[in-house]
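J.: got a predicted structure plus its sequence, pasted below:
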Amino acid sequence: METIRIEVEASGPVSGLLMNPLAARACFVFAHGAGAGMTHSFMESVATGLLERGIATLRYQFPYMEKGSKRPDPPATAHATVRAAVAEAARRCEGLRLVAGGKSFGGRMTSQAQAAAPLPGVRGLAFLGFPLHPAGKPSEDRARHLADIELPMLFLQGTRDNLAERPLVEHVMEALGTKASLKWFEHADHSFHVPARSGRNDRDVMREVLDTFAIWMAALAP
């Protein structure tokens, strides 16, 4: 694992973590959620699991997290950070297929950036728990920009996610048509945690998440 520095225009540098296996076939530019940074155990598990599947990852901090703040950056700053991270991944992982996305807030900021102007070299977007609406406030407003994206998109969602009610998610997927692929994980919440009574554990769910991601990525046009 290599610690790197990513220059973000107007807001200054942020940290990144690059994991690039030998004979990697792709790179996932992976943004963190609103409440925890790139070293969170969930981010680590995804990066390590994808490494084992021959997929490189570039995790990175948003500026507010780099500064130790709890208040997320405004969208313009977050979008600029996504673009800087994608450009750094393209430079360091030259020749690899690029996919961008992230956990919750990070995935949504990535999709907004792509909708505003295509991210150079990115072949698809992947979301680990797309936050369709705030908890207790069901709405599809946060999905409106997805219609402006022409790339393949993968949505990995837990059936107990209180930020993405299932009927609303499925309605959004129907509108997106063949651009979107959706995989539900039974009993999983927004963090992909499952209760003991489900008969599964979090490791089982993570394995299924990563296998689904790897299969989808392999199917993207080279």
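T.: That came through fine.
J.: and the residue with the largest distance to the centre of the chain, how far is that from W184?
T.: The outermost residue of the chain, judged against the average C-alpha position, is R197 (28.2 Å), by Cα atoms, centre = their mean. Distance, R197 to W184, using Cβ to Cβ, to the nearest Å: 18 Å. Just so you know, the C-beta spots here come from the backbone N, C-alpha and C atoms, and that holds for glycine as well.
J.: next one, pLDDT for the residue farthest from the centre of the chain please.
T.: Looking at R197, its pLDDT stands at 87.
J.: S198: neighbour count?
T.: Neighbours of S198 under the rule other Cβ atoms under 10 Å: 14.
J.: ok, it to G124 distance?
T.: Using Cβ to Cβ, S198 is found at 30 Å from G124.
J.: try A219
T.: Distance, A219 to G124, by Cβ to Cβ: 9 Å.
J.: do A180 as well
T.: From A180 across to G124, the span is 11 Å (Cβ to Cβ).
J.: between those two, which has more neighbouring residues?
T.: Taking other Cβ under 10 Å, A180 and G124 do not tie; G124 has more neighbours (24 against 19).
J.: confidence score at the residue nearest to the more buried one when sequence neighbours are not counted?
T.: Spatial nearest neighbour of G124, excluding adjacent residues (Cβ to Cβ, 6 or more residues apart in numbering): P152 at 4.3 Å. For P152, the model assigns a pLDDT of 97.
J.: P152 reaches K179, doesn't it?
T.: Yes: counting by Cβ atoms under 8 Å, K179 is a contact partner of P152 at 6.1 Å.
J.: those two: who's more crowded?
T.: Legend: neighbour count by other Cβ under 10 Å for P152 and K179, higher for P152 (19 against 16).
J.: can you name the element that comes right after the strand or helix carrying R123?
T.: Following DSSP states H and E, one finds R123 within strand 122-128. Counting by DSSP H and E, the next helix or strand C-terminal to strand 122-128 is strand 153-158.
J.: right, I'll leave it there.
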